[in-house]
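1. With the input below, show me the fold.
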Amino acid sequence: MNEEQFVSDVTVIGGGLAGVSAAIAAARNGRSVALVTNRPVLGGNSSSEVRVWVVGATAHGYNHNAREGGIMGELFVENQYRNPDGNPYLWDALIYEKVRAEENLTLFLNTDVRIVDASGPDDDRTITSVTGWMMGSERLIEFSGPIFVDATGDGLVGFLAGADHRIGREARSEYGEPWAPEVADDVTLGSTLLFYTTDAGHPVKFVPPAFAKDLSTTSIPHNRIISAGDNGCAYWWIEFGGELDTVRDNEAIRDELWSVIYGIWDHIKNSGQFDADRMTLEWVGSLPGKREYRRLLGDYVLTQNDIIEQRFFSDQVAFGGWSIDLHPPGGMYASEEGAKQRYADGIYPIPYRSLYSRNVRNMLMAGRNVSASHVAFGSTRVMATCATIGQAVGTAAALAVASGLRPSELDATELQQNLLRDDGSIFGIAEEPGTSIASRASVTASSSLARLEVRGTGERWPLIKDAAIVFPVEDVLSGLALQLSAAAPTELRFTLSTPSHDQNYVPGEVVAQGTVTVGAGHGQWIAIDPDWQPDGATNVFLQLHAEPEISLDLGAERPPGTFSLTRKELLPKHERPQPLREWSDRPFLRRSFRFRVDSEAPFQPGKAVNGLLRPFAGPNMWASADFAEDAEPWIALRWADEERISVVDLVFDDDVNEDLINLHHHRTPFEVMPSLVRDYRLEAEAAGVWTVVAEGRDNRVRRVRHVFREAFRATALRLVIESSNGEPRAHLQAFRVYA
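-> Reported below is the predicted structural model:
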């Protein structure tokens, strides 16, 4: 059989979200790309073949302002519009559409890479090609080019190329990780199969197949929760194979998982313990969703301590925020709880040095196979985090090809700046001054949000346990007051803290404490003067100590940059401290306690040109006054001299605090983020005359790029906001202009 040849700048092997994001990023950065995957659909464990929720740094809502941006953010937001009910086939179609939309990208589905041609000494290997067999089409294809990305999950390409790697758990002494075992071993996290059920509308019997497990002979009914109404990822704990080889023993693992699924269904249908007469199986997975195998080693190995301490890396190119989430080796048969979790105080950075091979000179890694210890991998392994890593790696691959450098030789600052241009998932790093000519313009606006104030609902929240409000301040804290009700005269104790890191929203350093006298009565506005002033932009955490006589009045919205939280007791099994787990906004979500505070500085128009694309020590966005006060708010850039303008990049606020999901974990009540600008016009001034140069109608995306075929000259640009998708004011994260 003749072998076909395909040459591209970047070859990405693996079609999960990490590989998809890497391929799209490299293609958008001008490189020719081959995306090769051995599955018939894209999305990996998130696809209709496996159906795992896409989770990431939001940690199902524990972390604030943590939803991923860039390519993963595009997928989340578009899926919410098209597929709010979480149909897995529509999710497949969206990913496929995104890939097919890239002119520089060629997709090879059903193509199993089995051969890697690599040469050189063990410490300096080079891949020249990989060869895949396209099933169904009976084509043997050799893929060659200068840069390869291993996004296989199992690290197969790296393994076949001779890359340094690890399988299993490191000893505690190796990296000083408290959660590592005393002695290293080969234990990994196991694999899972899922199933879906449906109400058939009539009685349905179930005759179990002969291979179905008799659950009464196992520990499962005693140690795991079984419910007739659950399905899909609610059964994430159907896990097996952690004490086996999750690759070599994949078939045996699948058989055991099948036996347990049909055994669980037999138990639900035929034990008489459940109301399941009309229920039937709708779908059972056949492809085990793997969690762990090889981890390919880079110039740095991310560890538990890096995550928990949120260590800063000057070469950060992505972030994570899922808990360190480790499962017992025995999986579903273990007597221990199905998962042991430890949260950092907020999101943490992931360094570029962990994303390329330390001994294969032209290979990068994307996904769960990156350079991390077993314990750190317990957090980095989730798919939205893998996707952000993928975008960083794809961008790096494109830059490496353009510069003729090996990935390890790339300038991390150049990579970061390219990722910021593409709205990548980086926090606390700004676009360099001068990159956008907006940075040298004077910025004005028709209005700015001058006070955070919440409209009332008449509802009250009893202060029987501590509560808190987080809000942004800058230079001055003034006008702080709460609306509350008191059944009898009493005192309200408060503590004011600043976070230990600027991306955090939990208490850190205590900066003020005090007590306020409260008289009996309803709906009182109580002023709080902490006698403290910030020395710059920061979030502050106002803790209100429990007082049974007091109820806090509730508001109908959550003002931008703010959170209302309540304190809950950690369970005895939880490690301490874990403030992220202890302070929750889940009872409030899109609502807030009624409070007010002067806020003009955090929302000034200059925030839209400060180069930061995400909340960090504040929202980093311009917000106008309410539309009721400023019907068509505008923000304008004015230059001293006429500027040549060819591209205008608008980054709107898609509320990265909203925890979106691709499948069925929860349903978000709106299809378009209310905070996004809906209708706008872009006007340019030349010779004293304003002209409309672009418009946006029915916008539902975060980033809009206006590219002008013929550049024009102007002394000023003005963005006029005509409407939002529901927010009572205009929000703009970034206003970028390129010549």
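
2. tell me the contacts of the residue lying closest to residue 273 once chain neighbours are set aside?
-> Beyond its immediate neighbours in the sequence, the residue positioned closest to residue 273 (CB to CB, 6 or more residues apart in numbering) is residue 267, lying 7.6 Å away. Using the backbone N, CA and C atoms, a C-beta is placed for each residue, glycine as well. Contacts for residue 267 (CB atoms under 8 Å, 6 or more residues apart in numbering) come out as 215, 221, 226, 273.

3. can you redo those residues as a markdown table with distance to residue 668?
-> Converted to a markdown table, these look like this (distance: CB to CB, whole Å):
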| residue | distance to residue 668 |
| --- | --- |
| 215 | 35 |
| 221 | 34 |
| 226 | 28 |
| 273 | 34 |
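
4. Helices along the stretch 251-400 of the chain, start to end?
-> 304-308, 374-380, 383-403 (DSSP state H, counting those that start in this stretch).

5. where's residue 149, which helix or strand?
-> Element membership for residue 149 (DSSP states H and E) is strand 147-150.

6. Which residues does that strand contact?
-> Under the contact criterion CB under 8 Å, 6+ apart, strand 147-150 has outside partners 9-14, 19, 22-23, 26, 127, 130, 156-158, 163, 296, 362-366, 369, 393-394, 397, 400-401, 407.

7. Just the buried ones among those residues, please.
-> 9-14, 19, 22-23, 26, 127, 130, 156-158, 163, 296, 362-366, 369, 393-394, 397, 400-401, 407 (16 or more other CB atoms under 10 Å).

8. Can you list which of those residues are found in strands?
-> In strands, defined here by DSSP state E, the members of the buried ones among the contacts of strand 147-150 are 10, 11, 12, 13, 127, 130, 296, 363, 364, 365.

9. And these, which two are furthest apart?
-> Using CB to CB, the pair of these lying farthest apart is 10 and 296, separated by 17.3 Å.

10. low pLDDT regions in the chain?
-> 1 (pLDDT under 70).

11. what's the domain layout of it?
-> As given by automatic domain parsing, the domain ranges for the chain are 3-170+302-324+339-421, 191-284, 437-447+602-738, 451-598.

12. Any chance of a markdown table for these, columns distance to residue 291?
-> Shown next, in a markdown table, are these (distance: least, CB to CB, whole Å):
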| stretch | distance to residue 291 |
| --- | --- |
| domain 3-170+302-324+339-421 | 6 |
| domain 191-284 | 7 |
| domain 437-447+602-738 | 17 |
| domain 451-598 | 22 |
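
13. Looking at the ones you listed, which is nearest to residue 180?
-> With CB to CB as the measure, domain 3-170+302-324+339-421 is the member of those nearest residue 180 (5.6 Å).

14. Please name the bridge partners of residue 185.
-> Residue 185 has these beta-bridge partners by DSSP bridges: residue 169.

15. Number of residues surrounding it?
-> The tally of other residues near residue 185 (other CB atoms under 10 Å) stands at 15.

16. Indicate which one of the helices of the stretch 251-400 of the chain is closest to residue 185.
-> Closest to residue 185 of those, according to CB to CB: helix 374-380, at 9.5 Å.

17. and which of the ones in strands among the buried ones among the contacts of strand 147-150 is nearest residue 433?
-> The closest of those to residue 433 turns out to be residue 364 (CB to CB; 29.4 Å).
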